[in-house]
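[1] Provided below are the primary sequence and the corresponding predicted coordinates.
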Protein chains: 2
Amino acid sequence: MARTKEFNEDQALDKAIEIFWHKGYNGTSAQDLVNYLGLSRSSLYDTFGDKQKLFSKSLSRYQRQAQDSVKDLLEKSENVKETLHAIFKQAVIESLEDRITKGCFMVNSSVELAMHDPEIAKIVKDNSQIMEEVFTNAVKKGQEAGHISKQMDAKVLARFIFNNYSGIRVLARTGERDKQVYDDIVKAVFSVL
Amino acid sequence: MARTKEFNEDQALDKAIEIFWHKGYNGTSAQDLVNYLGLSRSSLYDTFGDKQKLFSKSLSRYQRQAQDSVKDLLEKSENVKETLHAIFKQAVIESLEDRITKGCFMVNSSVELAMHDPEIAKIVKDNSQIMEEVFTNAVKKGQEAGHISKQMDAKVLARFIFNNYSGIRVLARTGERDKQVYDDIVKAVFSVL
DNA sequence: CTAATTCAGGAACGATTGTTCCGTATTTTT
DNA sequence: AAAAATACGGAACAATCGTTCCTGAATTAG
């Protein structure tokens, strides 16, 4: 009955993730979105509602993607400790190679918006909870397989791991480019496991 | 030869720290500043230049205060490990009791501005470097006194400590109010020392 | 007391903000 | 082919942004 969209909604969302990630919510103007997503103001507002809804959708999509990736890796893993190490190494590589350092979209959004926007706060909180679960299950598996020390409770270690992951992403956002700094942190973290 | 200021410049700066800390740079409008600092637009601009300069001054002042406090505690300390523990405990208490959770002004500013504003980036970088030195010296002292394990290099541990400090401040900013989460992280961190 | 100086308050600036609306083009269904 | 429906591009909106400027009051030096 009607004309078809000339753009792919998910592709537009991926673009939105990129620019929000890079510039933050308040730092990204409607004009920025029009320019970067490559679609008109009307299409943008017709499709996504307003800026806040677009941001919220972007963050949710990012969350899903990031979470699935880590979850898959850990659930399929034969040696959880090694897989966790690989995940951290990957975060370090991304932190260093990103010419425009973006940190972690979730961490950035937490800091900028969580306390002012309940909807964002919920996404962040859900993410923390899910990541805690994923890490806790992974650590349990590693402990049972004898790869990870049983000296500490799995949940304690999960929270510890998540905390250092956040810290590393903040470090990336500050523009730190010395690999040794990241490697030192990872080394100390994995001395606990 | 002229009229004296009716406000105290440092007191105004402390007010600026509070509101920038709470709302961020982009989230704080000139009107917010006028309302919260309690002085007129003209006085504000005559005294501090523009918004960016005011922010920069605020962050520098905060940095100096925070740094001096930690530095003093550690240099005067007889048992560095205990003092570090106390510093972390204090961060946890602040994270929980703050009715409006603000996290850490330095961390928030890093995430929001470091990659877009060279002047802020410099303040953040200087802070990181100084904190790394302070923590490194503290750890060395602790190692020599036999309070801290010598298994790892002092600099490695310093970076690790700083990373977890950042992480905890991010956690606070997300609104986490479960003390157990913070305690678990601190427990795991100090198992390394 | 007078002159010089700097203060505070607020009106006003242009620029940019997020958002809406309208006319036109395009596509699908009847 | 006609009609209905939606996407598109861009003009236009009011509101707010950071900033400047003007006015008169207040204070100090001579």
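    Looks like it came in fine.

[2] For the nearest residue to A:Leu39 once chain neighbours are set aside, which three-state class applies?
    Nearest residue to A:Leu39, sequence neighbours excluded (Cβ to Cβ, 6 or more residues apart in numbering or on different chains): A:Phe7, at 5.4 Å. In this view, the C-beta of every residue, glycine as well, is placed from N, C-alpha and C. Here A:Phe7 is coil, with the state taken from DSSP: H, G, I helix; E, B strand; the rest coil.

[3] dump the residue contacts of A:Phe7.
    Taking Cβ atoms under 8 Å, 6 or more residues apart in numbering or on different chains, we find A:Phe7 in contact with A:Leu37, A:Gly38, A:Leu39, A:Ser43.

[4] how about 10 Å then?
    Neighbour list for A:Phe7: A:Lys15, A:Leu37, A:Gly38, A:Leu39, A:Ser40, A:Ser43, A:Leu44, A:Thr47 [criterion: Cβ atoms under 10 Å, 6 or more residues apart in numbering or on different chains].

[5] Of all pairs in these, which one spans the longest distance?
    Farthest-apart pair in those is A:Lys15 and A:Ser40; separation 14.1 Å (Cβ to Cβ).

[6] Filter the contacts of A:Phe7 down to the buried ones, ChimeraX style.
    To isolate the buried members of the contacts of A:Phe7 in ChimeraX, using 16 or more other Cβ atoms under 10 Å in any protein chain shown:
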select /A:15,37,39,43,44,47
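
[7] any chance of the contacts of A:Phe7 in a markdown table, plus pLDDT and distance to A:Ile148?
    Formatted as a markdown table, the contacts of A:Phe7 follow (pLDDT from 0 to 100; distance: Cβ to Cβ, whole Å):
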| residue | pLDDT | distance to A:Ile148 |
| --- | --- | --- |
| A:Lys15 | 93 | 39 |
| A:Leu37 | 92 | 43 |
| A:Gly38 | 88 | 47 |
| A:Leu39 | 87 | 48 |
| A:Ser40 | 86 | 53 |
| A:Ser43 | 89 | 50 |
| A:Leu44 | 92 | 47 |
| A:Thr47 | 91 | 46 |
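
[8] between the contacts of A:Phe7, which is nearest B:His116?
    Distance to B:His116 across the contacts of A:Phe7 (Cβ to Cβ) is lowest for A:Lys15, with 19.4 Å.

[9] so who does that closest one touch?
    A:Phe7, A:Leu33, A:Tyr36, A:Leu37, A:Gly38, A:Leu39, A:Ser58.

[10] about what we covered before: measure the residue nearest to A:Leu39 to B:Ala172 for me?
    For A:Phe7, the distance to B:Ala172 equals 40 Å [Cβ to Cβ, to the nearest Å].

[11] got it, and A:Ala158?
    From A:Ala158 across to B:Ala172, the span is 19 Å (Cβ to Cβ).

[12] related to what we said a few turns ago, tell me the one of the contacts of A:Phe7 nearest B:Asp153?
    Set against B:Asp153, the nearest of the contacts of A:Phe7 by Cβ to Cβ is A:Lys15 (43.4 Å).

[13] Chain B: which of the contacts of A:Phe7 is nearest?
    Set against chain B, the nearest of the contacts of A:Phe7 by Cβ to the nearest Cβ is A:Lys15 (19.2 Å).

[14] touching DNA strand C at all, the helix or strand harbouring the closest one?
    In this assignment (DSSP states H and E), A:Lys15 forms part of helix A:9-23. No - Helix A:9-23 lies apart from DNA strand C when judged by Cβ under 7 Å from any atom of the strand; the minimum separation is 10.0 Å.

[15] which element follows that helix toward the C-terminus?
    Downstream of helix A:9-23, the next assigned helix or strand under DSSP H and E is helix A:30-37.

[16] Spell out whether that following helix and DNA strand C are in contact.
    Yes - using Cβ under 7 Å from any atom of the strand, we find that helix A:30-37 touches DNA strand C at A:Ala30, A:Gln31, A:Asp32.

[17] now for that helix, which elements pack on it?
    The helices and strands touching helix A:30-37, judged by 3 or more Cβ pairs under 10 Å, 6 or more residues apart in numbering or on different chains; DSSP states H and E, are helix A:9-23, helix A:41-48, helix A:51-76.

[18] need the longest helix for chain A.
    Taking DSSP state H as the assignment, the helix of chain A that covers the most residues is helix A:118-145.

[19] ok, the helix or strand bottoming out on mean pLDDT in chain A near DNA strand C or not?
    Sorting the helices and strands of chain A by mean pLDDT, DSSP states H and E puts helix A:41-48 at the bottom, at a mean of 91. Yes - counting by Cβ under 7 Å from any atom of the strand, DNA strand C has neighbours in helix A:41-48: A:Arg41, A:Ser42, A:Tyr45.

[20] Please list all residues in contact with A:Ala121.
    Per Cβ under 10 Å, 6+ apart, neighbours of A:Ala121: A:Ser109, A:Ser110, A:Leu113, A:Ala114, A:Met115, B:Thr174, B:Gly175.

[21] quick one on the thing from earlier: send me the helix holding A:Lys15 as PDB with only the CA atoms.
    What follows is helix A:9-23, C-alpha atoms only, in PDB (Å, rounded to 0.1, in the frame of the first residue of the first chain):
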ATOM      1  CA  GLU A   9      16.700   0.500   9.800                       C
ATOM      2  CA  ASP A  10      19.300  -1.700  11.500                       C
ATOM      3  CA  GLN A  11      22.100  -0.200   9.400                       C
ATOM      4  CA  ALA A  12      21.000   3.200  10.500                       C
ATOM      5  CA  LEU A  13      21.000   2.000  14.100                       C
ATOM      6  CA  ASP A  14      24.500   0.800  13.700                       C
ATOM      7  CA  LYS A  15      25.500   4.200  12.400                       C
ATOM      8  CA  ALA A  16      23.700   5.800  15.300                       C
ATOM      9  CA  ILE A  17      25.600   3.600  17.700                       C
ATOM     10  CA  GLU A  18      28.900   4.800  16.200                       C
ATOM     11  CA  ILE A  19      28.300   8.500  16.500                       C
ATOM     12  CA  PHE A  20      26.600   8.300  19.900                       C
ATOM     13  CA  TRP A  21      29.500   6.200  21.100                       C
ATOM     14  CA  HIS A  22      32.000   8.600  19.800                       C
ATOM     15  CA  LYS A  23      30.400  11.900  20.800                       C
END
